[in-house]
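# I'll drop the sequence and a predicted model, then ask my questions.
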Amino acid sequence: MSEYPTVPLGDFCEIVSGATPKSNVGEYWDGEICWATPKDLSELSGSYISNTPRKISETGLRSCSAAVLPEGSVLLSSRAPIGHVAINTVPMATNQGFKSLIPCPDRADAKFLYHWLRAHRSKLESLGKGATFKEVSKSVVAKISIPLPPLDAQRRIAKVLDQAELLRAKRREAIALLDELAHSIFLDMFGDTETDSTRWPLSTLGQVGYVQGGLQLSGKRKSLPITLPYLRVANVYRNKLDLSELKNIQASETETKRTQLHAGDILIVEGHGDPSEIGRSALWDGSVEPCTHQNHLIRVRLQQDLALPEFVNFYINSEAGRRHLLRAARTTSGLNTISTKTVKETPVAIPPLDEQRQFRERLVAIDALKARHQAHLAELDALFASLQDRAFRGTLWEEEPAAIA
């Protein structure tokens, strides 16, 4: 099968910008017209948008240049950020952060456009212009050329990609359920460790472990002799690590010895713009050696004859641990921070080691299941990427036409 002809979006879609009524005019708001923002699309778990947190009135619609998109349009965020995509299931207006597409029904399928735009988000982002923030203009969107198969082929392609995406979504859901299971086991075994603290001796992180700050980034480090990878806030989430991007730092021998990570270390986020993310923590798995950490992460290395890292890490991420760290946080220039002193003083009730070991054994079993699901998800991601590439090149059915049944 030959490659499909490429056609500019403006040749078969109407490109529609959005707008925002004046926020201080009450009669413009709380009407019956759905009004989408890029943030609304970022929170979607699927391809469709059926409702919006905010709505505008008919008067508000007429007061600005917003337009109501018919059902089945393709909403495309054009700034802050570029590249979120969804299909509306009800008539809907948008704010000015969109250049949405109303496809010509006899030439283009909305779901096909959705998949192509999602697959080429990096291309869309590269087209953004602007000093304060990047934005893709209406004229630029209209000139974007995409492969345009016959309509029936577009629908077949969309169906295949939908089925593949459904498999990926189910795998992600299974992983999320395993995370919930781990949390449920913690609550079942230990309850609310703050209100139930009288059941066990009360200690602090500083009493059961060693608390250490990290290395501060500085241009002066260029002359230091040791180069090694380091973890930063973007690598540490609640009960999980994201090691997809590691950066390097230069350090002295003394600094390296003091801050090098060991498997079982707990890493706690020291600063974040969102107060709810202050104090989130994860266990270091030792998968990269040597490795250190930036000063926006605080390390806790436990005395494991007193407390096990698996239990303490879950405690820090529990409601009790989060409440303490949030109360102790300070805000400076929009950044919420905690100190090593705050971490040292964090109270924690310490159950018997036998109970902590039981919890660890259950976590190990859950993590093994998660690893299998994640490996399968990686295979599905690779398959999905291959299907996208072949679909938009026009070679999807040259071989293995039933790859997704």
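Arrived safely.
# pLDDT weak spots in the stretch 51-200 of the chain?
The model of the stretch 51-200 of the chain has pLDDT under 70 over residues 192-198.
# in it, which spans are strands?
Ranges of strands in the stretch 51-200 of the chain, per DSSP state E, counting those that start in this stretch, are 55-56, 74-78, 82-88, 92-94, 99-103, 145-147.
# return the set of buried residues in the strand or helix carrying Gly10.
Assigned by DSSP states H and E, Gly10 belongs to helix 9-12. By neighbour count, with 16 or more other C-beta atoms under 10 Å as the criterion, the buried positions of helix 9-12 are Leu9, Gly10, Phe12. All C-beta spots, glycine's among them, are computed from the backbone N, C-alpha and C.
# which residues does Val7 form beta bridges with?
Each beta-bridge partner of Val7 is listed here, defined by DSSP bridges: Ile146.
# need the contact list for it.
Val7 sits next to Ser145, Ile146, Leu148 when contact means C-beta atoms under 8 Å, 6 or more residues apart in numbering.
# and the first one, how far from Ser137?
Computed as C-beta to C-beta, to the nearest Å, the Ser145 to Ser137 distance reads 16 Å.
# could you check which of the two has the larger neighbour count?
Counting neighbours by other C-beta atoms under 10 Å for Ser145 and for Ser137 shows that Ser137 has the greater number, 17 against 12.
# got the contact list for the more buried one?
Ser78, Lys99, Lys129.
# hmm, the first one is touching Thr94, no?
This means Ser78. No: in terms of C-beta atoms under 8 Å, Ser78 does not count as a neighbour of Thr94; the distance is 9.8 Å.
# compare the two (neighbour count), which wins?
A side-by-side neighbour count of Ser78 and Thr94, using other C-beta under 10 Å, places Thr94 first with 31 against 28.
# what about the nearest residue to that one once chain neighbours are set aside, neighbour count?
Spatial nearest neighbour of Thr94, chain neighbours left out: Gly18 (3.4 Å); criterion: C-beta to C-beta, 6 or more residues apart in numbering. The local packing count at Gly18 equals 25, with neighbours defined by other C-beta under 10 Å.
# residues in contact with Gly18?
Applying C-beta under 8 Å, 6+ apart, one finds that Gly18 lies in contact with Ala36, Ala66, Ala67, Ala93, Thr94, Asn95, Gln96, Gly97, Phe98, Ser100.
# could you rerun that using 6 Å?
Applying C-beta atoms under 6 Å, 6 or more residues apart in numbering, one finds that Gly18 lies in contact with Ala66, Thr94, Asn95, Gln96, Phe98.
# restricted to helices, list those.
Counting by DSSP state H, none of the members of the contacts of Gly18 fall within helices.
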